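J.: Provided below for reference: sequence and predicted model.
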4 protein chains.
Amino acid sequence: MIQLDFQSRQPIYEQLVLKLSELILLGALKAEDQLPSVRALARDLGVNPNTIQKAYQELERRKIIYSVAGKGSFISPGECAGEMIRSRSCQALREAMEDGKRAGLVRADVDRLAGEIYGEE
Amino acid sequence: MIQLDFQSRQPIYEQLVLKLSELILLGALKAEDQLPSVRALARDLGVNPNTIQKAYQELERRKIIYSVAGKGSFISPGECAGEMIRSRSCQALREAMEDGKRAGLVRADVDRLAGEIYGEE
Amino acid sequence: MIQLDFQSRQPIYEQLVLKLSELILLGALKAEDQLPSVRALARDLGVNPNTIQKAYQELERRKIIYSVAGKGSFISPGECAGEMIRSRSCQALREAMEDGKRAGLVRADVDRLAGEIYGEE
Amino acid sequence: MIQLDFQSRQPIYEQLVLKLSELILLGALKAEDQLPSVRALARDLGVNPNTIQKAYQELERRKIIYSVAGKGSFISPGECAGEMIRSRSCQALREAMEDGKRAGLVRADVDRLAGEIYGEE
DNA sequence: GTGGTCTAGACCACA
DNA sequence: GTGGTCTAGACCACA
């Protein structure tokens, strides 16, 4: 289901944000689906409820999910959740590219890197 | 010489790190050149000396400059400074691209973004 | 220094965010000033360090302060901190005005209120 | 009649308070009209009677309705109900404006915003 | 020393 | 039951 790496330098709550984002992108979690409750997921993953809470609150801040006290947490409606995930990645990539340009990277460097990651076609 | 944007949300010391990096890449600052002293640069830019200090420390951490107690701060030798700047940007760009791929961005998205930033040739 | 209301329904960390924002607007905290450390402020206010941490992280998310692990937390440079506070207030005012319109308040009501608060000129 | 958004982060009872307030402002509910009984409205809206009860209690606290044991709940007499609704919005707007003033917003900012929302006349 | 993360609890309002 | 806040600790990397 969700595999956490407790040895990683990446915080557990960040791993959770990414894992849940991936499940949404893969279609395993759909719009309006209810997420496991904070306590239930904490128990299943062997993690403290506060850590799950932190992940859920970050996802809510990014408008990928929404939480209703007393009811539960839910995937944002329509294409909203997926859109928020992609727009975030896109924004981060743009910033990295702009920084790179300022730092002296040229278009060829970007293309080479893209080739490495996506494979040359 | 160095233009800071005091309105920007980007911390001044970060702007300084970038500006000084650019001056190195442009060749305005060369290997073994001495940087202005913390207090002199602070006075010239109308900024707190602590802010300059912070920028210099970050540049030193990245091995772009080195400091000698009692003498001053100097650009790292040879192509070293430029290499450190570019390799750092390149690594950040690679990570952003890998994240983007996981988030569902395709090669065409990367190319479009690169076109925007570098201009289509 | 900072007065908290432990009886209030408003969470302590939110009260802290507001109090610190006010100190910045009043000029008591200036650009690049270092804030008290998480632990020091927790001790002074008789509050758990996690609660201070939560307030500081929210202020950092709003780009009003920036934190550097191992060094401390600092007011954002230049006019940045004040700008971020004002833009947020502006957003809240817009929402209150939209709610008021839905509740039947007319333009004249808004003008009367503005007159009361800013003084008729 | 009344549409609730069960997905919203806004508590159901708050939505009810607002919806009923709107019906009063629109004239759909007039002074001395009897409101549906707690159980009847709960059944119609598919909501727990406690939730309706809570909304009615809040409206009574705000003097928008009044309840008579054994008889039911009624809209407050004369212009009273509408006044209470508007005065509440007005109070919220006043607070947002005072916060805005403390944050450095000037009268011109308020006027510009009012122009946006009400349209310049 | 600093901020950042995390555990293991508690209590609250709300449904 | 649910999410939200908070306490009272712990340990980590970094400077």
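T.: That came through, no problem. These numbers were taken from a predicted model, which means no experiment stands behind them.

J.: which ones are touching the residue most central in space within chain A?
T.: For chain A, A:L18 is the residue whose C-alpha lies nearest the centre (CA atoms, centre = their mean; 3.2 Å). A:L18 sits next to B:R102 when contact means CB atoms under 8 Å, 6 or more residues apart in numbering or on different chains. (Each C-beta comes from the backbone N, C-alpha and C, glycine too.)

J.: Same question for A:L93.
T.: A:L93 makes contacts with B:96-97, B:99-100, B:105, B:110, B:113, as judged by CB under 8 Å, 6+ apart.

J.: Ok, A:K54 next?
T.: Going by CB under 8 Å, 6+ apart, A:K54 touches A:Y13.

J.: Also A:A103?
T.: Applying CB under 8 Å, 6+ apart to A:A103 gives the contacts B:21-22, B:25, B:85-86, B:88-89.

J.: Could you single out the nearest of those to D:P36?
T.: Lowest distance from D:P36 to those (CB to CB) belongs to B:S89, with 65.2 Å.

J.: if I look at that closest one, how far off is chain A?
T.: Using CB to the nearest CB, to the nearest Å, B:S89 is found at 4 Å from chain A.

J.: pLDDT weak spots in chain A?
T.: Within chain A, the stretches with pLDDT under 70 are A:121.

J.: Can you pull the residues of it lying near chain D?
T.: For chain A, the residues in contact with chain D (CB under 8 Å from any CB of the partner chain) are A:32, A:66-70, A:74, A:77.

J.: before we move on, back to that, element containing the residue nearest to the centre of chain A, please.
T.: Using DSSP states H and E, A:L18 falls within helix A:12-25.

J.: Grab the CA positions of the lengthiest helix in chain A and hand them over as PDB.
T.: The residue-count maximum for a helix in chain A (DSSP state H) belongs to helix A:80-102. Taking C-alpha atoms only, helix A:80-102 is exported to PDB below (Å, rounded to 0.1, in the frame of the first residue of the first chain):
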ATOM      1  CA  CYS A  80      -8.400  19.700  -9.000                       C
ATOM      2  CA  ALA A  81      -6.200  17.400  -7.000                       C
ATOM      3  CA  GLY A  82      -4.200  16.200 -10.000                       C
ATOM      4  CA  GLU A  83      -4.000  19.800 -11.300                       C
ATOM      5  CA  MET A  84      -2.500  21.000  -8.000                       C
ATOM      6  CA  ILE A  85       0.100  18.300  -8.000                       C
ATOM      7  CA  ARG A  86       1.200  18.900 -11.600                       C
ATOM      8  CA  SER A  87       1.100  22.700 -11.300                       C
ATOM      9  CA  ARG A  88       3.400  22.400  -8.200                       C
ATOM     10  CA  SER A  89       5.900  20.300 -10.100                       C
ATOM     11  CA  CYS A  90       5.800  22.500 -13.100                       C
ATOM     12  CA  GLN A  91       6.400  25.600 -11.000                       C
ATOM     13  CA  ALA A  92       9.400  24.000  -9.300                       C
ATOM     14  CA  LEU A  93      10.800  22.900 -12.600                       C
ATOM     15  CA  ARG A  94      10.500  26.400 -14.000                       C
ATOM     16  CA  GLU A  95      12.300  27.900 -11.000                       C
ATOM     17  CA  ALA A  96      15.100  25.300 -11.300                       C
ATOM     18  CA  MET A  97      15.500  26.100 -15.000                       C
ATOM     19  CA  GLU A  98      15.600  29.900 -14.400                       C
ATOM     20  CA  ASP A  99      18.100  29.400 -11.600                       C
ATOM     21  CA  GLY A 100      20.100  27.200 -14.000                       C
ATOM     22  CA  LYS A 101      20.100  29.800 -16.700                       C
ATOM     23  CA  ARG A 102      21.300  32.500 -14.300                       C
END
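
J.: thinking again about what came up before, touching DNA strand F at all, the helix holding A:L18?
T.: No. Helix A:12-25 is not in contact with DNA strand F by CB under 7 Å from any atom of the strand; minimum separation 12.4 Å.

J.: and the two most separated of the residues of chain A next to chain D?
T.: Distance extremes for these: the farthest pair is A:G70 and A:P77 at 19.5 Å, using CB to CB.

J.: The two: who's more crowded?
T.: Taking neighbours as other CB atoms under 10 Å in any protein chain shown, A:G70 and A:P77 compare with A:P77 leading, 11 against 7.

J.: Return the residues in contact with the nearest residue to that one once chain neighbours are set aside.
T.: Leaving aside its chain neighbours, A:P77 sits nearest to A:A31 (5.1 Å; criterion: CB to CB, 6 or more residues apart in numbering or on different chains). Counting by CB under 8 Å, 6+ apart, A:A31 touches A:75-81.

J.: and which of those residues is nearest D:E60?
T.: Nearest to D:E60 out of the contacts of A:A31 is A:P77 (CB to CB; 34.0 Å).
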